[in-house]
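Chemist: Fold the following.
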Amino acid sequence: IKHLGTNGGGFFGANSSHPFENPSPITNVLEIMMMWCIPASLTYTFGKFAKNQKQGWVIFSSMLILFVGFLALVYYSESQ
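Modeler: A predicted model of the protein is given here:
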């Protein structure tokens, strides 16, 4: 619920930065994947509502291209 609204904050009020919220790297990756599933599924839902699934895939692919591009930029910046 803390990812769907602005009143989440987690039990300790520090969102996911508290060690008890994410005790291991596996749970952190799992949480990141769950955060990614919501916007990815909304593009599919948009395609269903528009009765044109191709539009949903176009929006999803443009989001994915932007994500990969900015991820590459951040990875390069952080590695320097």
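Chemist: so which strand or helix has Y76?
Modeler: helix 53-79 (DSSP states H and E).
Chemist: Show me what that helix packs onto, helices and strands only.
Modeler: Under the contact criterion of 3 or more Cβ pairs under 8 Å, 6 or more residues apart in numbering; DSSP states H and E, helix 53-79 touches helix 25-49. The way it works is simple: take the backbone N, C-alpha and C, and place the C-beta from them, glycine included.
Chemist: where's stretch 18-30 relative to the chain centroid, distance-wise?
Modeler: Put simply, stretch 18-30 sits 16 Å off its chain's centre (Cα atoms, centre = their mean, to the nearest Å).
Chemist: Also stretch 20-33?
Modeler: When C-alpha coordinates are averaged (Cα atoms, centre = their mean), stretch 20-33 and its chain have centres 13 Å apart.
Chemist: Buried residues in that stretch, which are they?
Modeler: 21-22 (16 or more other Cβ atoms under 10 Å).
Chemist: picking that back up, quick check: angle from the helix holding Y76 to helix 25-49?
Modeler: 150 degrees (axes from the mean of the first three to the mean of the last three Cα atoms, to 10 degrees).
Chemist: Give the buried residues for helix 53-79.
Modeler: For helix 53-79, burial by neighbour count (16+ other Cβ under 10 Å) applies to 56, 59-60.
Chemist: nearest to Q80, of these?
Modeler: Nearest to Q80 among the buried residues of helix 53-79: F60, at 30.8 Å, using Cβ to Cβ.
Chemist: Against T45, how distant is the closest one?
Modeler: As for F60, its distance to T45 is 11 Å (criterion: Cβ to Cβ, to the nearest Å).
Chemist: repeat for L30
Modeler: 23 Å.
Chemist: just for this protein, where's the confidence low?
Modeler: For the chain, applying pLDDT under 70 flags the ranges 1-14, 16.
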